[in-house]
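Peer 1: coords below, sequence missing:
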């Protein structure tokens, strides 16, 4: 089979923060289109943003989303099963955790940009992955997407997703909570689940491992039947 | 030992380095006893037996550069010194019960497929073996390469290759020349600079050098690794995936490549304030084209008053005078050739003759190729570890070797179960694999303008040494034996039309 096109849906940091590694590496084998969430202010606008990217991708693309981008990808796949071939949701959730909401309230309350960035950095990276930590850029649009993140989930959409799906959770995700990612796995009928040793910023902490999971899944989605807990590769 | 003439063995392994010993250990652990490991030297250890120059160390972290099935909580440092790796391999050979299968000091002279007996006949300096299966595990960088320059033979002082280090040669206070500025030279030069009278370094092309984050593991860490094997597995996983990220510097992302280049050039700028010397040490090709080297003490060594960098290759020797291509002349008492190894044309290739008497060297006249980087059309039941397109510039060779061992064990299981005679890979599968490699390497730094390296075959510019993708992609594609691309070999088939 030829490799499907991929629509990448970033989190609040935007494509340049989230997909600096994944986008060029996936582009070696796939056509890649990146969705722009811009200043989407509700779930419908998120789905529209995904829809615009899907429309410009050749064939039936796989949709790969990170954080709220993954929530949007799940929502889009539920509404438009005929337009996508597969779904990958990375560090996404079933319900937004109360701790995520508390973090977002803290970030909003901090008076200056530097304090905000440092507070986000502390929340996003695990202790073990701290050597990968970068200072996040903080835009008003990004902050609004974070506030939206604390309000929306996949409770209604996930059970209606029919395409083969891969859910990637992060063991040490202090924002989303690995359990919420696992609940998303529980909610999507044709889902398999992998959990990485990482904080929420898995695209900085373990980007190559995420790439491997995506390539292996898209290469042969049926390799792991629905319900599989994918264990880490023996190295 | 010629008493072993005519001995039959199921699996014959050539070479007792990481690859050959790894293969032997996995066979032994399966309970297989019908195998031998032939080794031309008088000890195991491969690269780590041959390379004993001052400062020799591995530039892949030790917890990654070791067998997954023999984790070692005792590694002394992030980057293990060479002799510690050699001891690791010697211990492995002893503890795993490989020694009874070892035949040291045994030079393989001829490996020949018997078209009627459908077995391999292996002629050695110590007798002849008949083997059902041959595993070539001779390494990739085993045969030292010394440049052919006029006057070499007439040099009155001592000279030797870095992989054949001569401890008897007195260096203290001498005028020493190191020819080369690659992975061996960069480890050697800082060690010699202290001891010798004067040191000359001949550099054909400047390497990219990045900081080396080496450190010792504390006793507490080593105790933790011993008490909690999961801690060691987590470290290995982190090291592997961190190394994988560096592949992105080689292919597909100009931004990531530029960041890697800037990282290396900033290291140079920090360590070499002198503009003239820095200019000589600034590479004129893209990063990743050649092996990226790691060192914190190479650049500082070159700044010492008794060290001279000549940014030119060796052209000739007149008496004890080295003449470089740019016309400079330097006198030397000792010459150390840190000039690398024969890589594009492997020394074992002319010795191995497959179906119809055709040699691997003939089959590879247009550059090495092997399906799954392991099996070659016309060479049934023969497997090459560390062979064509099995090398990496960004991650651990041991991961690749273990992938190939898994492939071979799969083939052996299939052979035992299927009873359909010797298997050879089809010509079509081999050609398809070559096309896939060409697609993967297109757009990579190795095939970019101005990039020449030992990764490519000088006869045609094909990338024949390196696997041009992530290491995980090698295992994904080549980790499992697939009998579908093999065909049986009939006795006495006339292979050539």
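Peer 2: Received the coordinates, thanks. Bear in mind that the values here come from a model prediction, so they are computed numbers and not experimental data.

Peer 1: going forward, measure contacts between C-alpha atoms and count neighbours the same way
Peer 2: Fine.

Peer 1: Identify the residue spatially nearest to the residue positioned nearest the centre of chain A, adjacent ones excluded.
Peer 2: Per C-alpha atoms, centre = their mean, the C-alpha nearest to the average position across chain A is that of residue A:66, at 1.6 Å. Nearest residue to residue A:66, sequence neighbours excluded (C-alpha to C-alpha, 6 or more residues apart in numbering or on different chains): residue A:90, at 4.7 Å.

Peer 1: Run a quick neighbour tally on that neighbour.
Peer 2: 28 (other C-alpha atoms under 10 Å in any protein chain shown).

Peer 1: For it, give its distance to chain B.
Peer 2: To chain B, residue A:90 is 18 Å away according to C-alpha to the nearest C-alpha, to the nearest Å.

Peer 1: quick one: that residue and residue A:63 touch, right?
Peer 2: No: with contact defined as C-alpha atoms under 8 Å, residue A:90 does not reach residue A:63; the gap is 11.0 Å.

Peer 1: if we can go back for a sec, report the beta-bridge partners for the residue nearest to residue A:66.
Peer 2: residue A:66, residue A:168 (DSSP bridges).

Peer 1: Report the contact partners of it.
Peer 2: The neighbourhood of residue A:90, defined by C-alpha atoms under 8 Å, 6 or more residues apart in numbering or on different chains, consists of A:64, A:65, A:66, A:67, A:70, A:167, A:168, A:169.

Peer 1: residue contacts, the fourth one?
Peer 2: By C-alpha under 8 Å, 6+ apart, the contact set of residue A:67 is A:10, A:11, A:12, A:89, A:90, A:91, A:92, A:93.

Peer 1: re earlier: could you tell me the model confidence score at the residue nearest to the centre of chain A?
Peer 2: Residue A:66 is assigned 98 on the pLDDT scale.

Peer 1: Please apply the same query to residue B:493.
Peer 2: Per the predicted model, pLDDT is 48 at residue B:493.

Peer 1: Please enumerate the helices of the stretch 1-150 of chain B.
Peer 2: Along the stretch 1-150 of chain B, the stretches classed as helices by DSSP state H, counting those that start in this stretch are B:18-29, B:47-50, B:82-95.

Peer 1: where does the residue lying closest to residue B:309 once chain neighbours are set aside land in three-state SS?
Peer 2: Distances taken as C-alpha to C-alpha, 6+ apart put residue B:201 closest to residue B:309, at 4.9 Å, once the chain neighbours are dropped. At residue B:201 the chain is in strand, as set by DSSP: H, G, I helix; E, B strand; the rest coil.

Peer 1: residues touching residue A:23, list them.
Peer 2: Counting by C-alpha under 8 Å, 6+ apart, residue A:23 makes contact with A:8, A:32.

Peer 1: run the last query once more with 7 Å
Peer 2: residue A:32 (C-alpha atoms under 7 Å, 6 or more residues apart in numbering or on different chains).

Peer 1: Next up, identify which helix or strand whatever residue of the stretch 301-450 of chain B ends up closest to chain A is on.
Peer 2: Nearest residue of the stretch 301-450 of chain B to chain A, counting by C-alpha to the nearest C-alpha: residue B:399, 7.0 Å away. Using DSSP states H and E, residue B:399 maps to helix B:397-418.

Peer 1: Following that helix in sequence, what is the next regular element?
Peer 2: With secondary structure assigned by DSSP H and E, helix B:397-418 is succeeded by strand B:423-425.

Peer 1: Give me the sheet partners of that next one and which way each runs.
Peer 2: Going by DSSP bridges, the partners of strand B:423-425 are strand B:486-488 (antiparallel).

Peer 1: Any buried residues in the strand it pairs with, and which?
Peer 2: Residues B:486, B:487 are the ones in strand B:486-488 that count as buried (16 or more other C-alpha atoms under 10 Å in any protein chain shown).

Peer 1: cool, and stretch B:259-275?
Peer 2: B:260, B:261, B:264, B:265, B:267, B:268, B:269, B:271, B:272.

Peer 1: now stretch A:38-55
Peer 2: Buried-residue list, stretch A:38-55, by 16+ other C-alpha under 10 Å: A:39, A:40, A:43, A:46, A:47, A:48, A:49, A:50, A:51, A:53, A:54.

Peer 1: Filter the residues you listed down to the ones in helices?
Peer 2: A:43, A:46, A:47, A:48, A:49, A:50, A:51, A:53, A:54 (DSSP state H).

Peer 1: how near is the last one to chain B?
Peer 2: Summarising the geometry, the distance separating residue A:54 from chain B, computed by C-alpha to the nearest C-alpha, is 23 Å.

Peer 1: Also the second one?
Peer 2: Remark: distance between residue A:46 and chain B (C-alpha to the nearest C-alpha) = 28 Å.

Peer 1: for the first one, same thing?
Peer 2: Note on residue A:43: its distance to chain B, by C-alpha to the nearest C-alpha, is 33 Å.

Peer 1: pull the longest strand from chain B.
Peer 2: Identified as the longest strand of chain B according to DSSP state E is strand B:127-136.

Peer 1: Show me what that strand is packed against.
Peer 2: strand B:7-14, strand B:119-124, strand B:382-384 (3 or more C-alpha pairs under 7 Å, 6 or more residues apart in numbering or on different chains; DSSP states H and E).

Peer 1: Contacts for the longest one, please.
Peer 2: Translated: strand B:7-14. Counting by C-alpha under 7 Å, 6+ apart, B:20, B:34-39, B:129-138 sit against strand B:7-14.

Peer 1: Narrow the residues you listed to those that are buried.
Peer 2: Buried members of the contacts of strand B:7-14, counted by 16+ other C-alpha under 10 Å: B:20, B:35-39, B:129-138.

Peer 1: circling back: out of the buried residues of stretch A:38-55, which comes closest to chain B?
Peer 2: Distances from chain B to these, taken by C-alpha to the nearest C-alpha, are shortest for residue A:53, at 21.6 Å.

Peer 1: who in the stretch 51-200 of chain B is up against chain A?
Peer 2: Residues of the stretch 51-200 of chain B lying close to chain A (C-alpha under 7 Å from any C-alpha of the partner chain) are residue B:68.

Peer 1: where does chain B dip in pLDDT?
Peer 2: B:1-5, B:491-497 (pLDDT under 70).

Peer 1: swap the cut-off to 90 and go again
Peer 2: Filtered on pLDDT under 90, chain B yields the residue ranges B:1-6, B:251-252, B:343-345, B:418-423, B:442-444, B:447-462, B:488-497.

Peer 1: Check which helix or strand the residue at the greatest distance from the centre of chain A maps to.
Peer 2: No residue in chain A sits farther from the centre than residue A:111, which is 28.4 Å out by C-alpha atoms, centre = their mean. Using DSSP H and E, residue A:111 maps to neither a helix nor a strand.

Peer 1: now the helices: where do they sit in chain A?
Peer 2: A:15-18, A:22-27, A:43-56, A:68-79, A:98-109, A:113-124, A:140-149, A:178-187, A:202-205, A:207-219.

Peer 1: List the buried residues in the last one.
Peer 2: Looking back up the chat, that one is helix A:207-219. A:207, A:208, A:209, A:210, A:211, A:212, A:213, A:214, A:215, A:216, A:217, A:218.

Peer 1: filter those residues down to the ones close to chain B.
Peer 2: Applying C-alpha under 7 Å from any C-alpha to the buried residues of helix A:207-219, those adjacent to chain B are A:208, A:209, A:212.

Peer 1: got a list of what the last one touches?
Peer 2: I take that to be residue A:212. residue B:472.

Peer 1: Against residue B:40, how distant is residue B:88?
Peer 2: Noted for residue B:88: a distance of 20 Å to residue B:40, by C-alpha to C-alpha, to the nearest Å.

Peer 1: actually residue B:348, not the one I typed
Peer 2: 12 Å.

Peer 1: Please list the residues of chain A that sit near chain B.
Peer 2: Checking chain A against chain B by C-alpha under 7 Å from any C-alpha, the hits are A:24, A:25, A:28, A:206, A:208, A:209, A:212, A:235.
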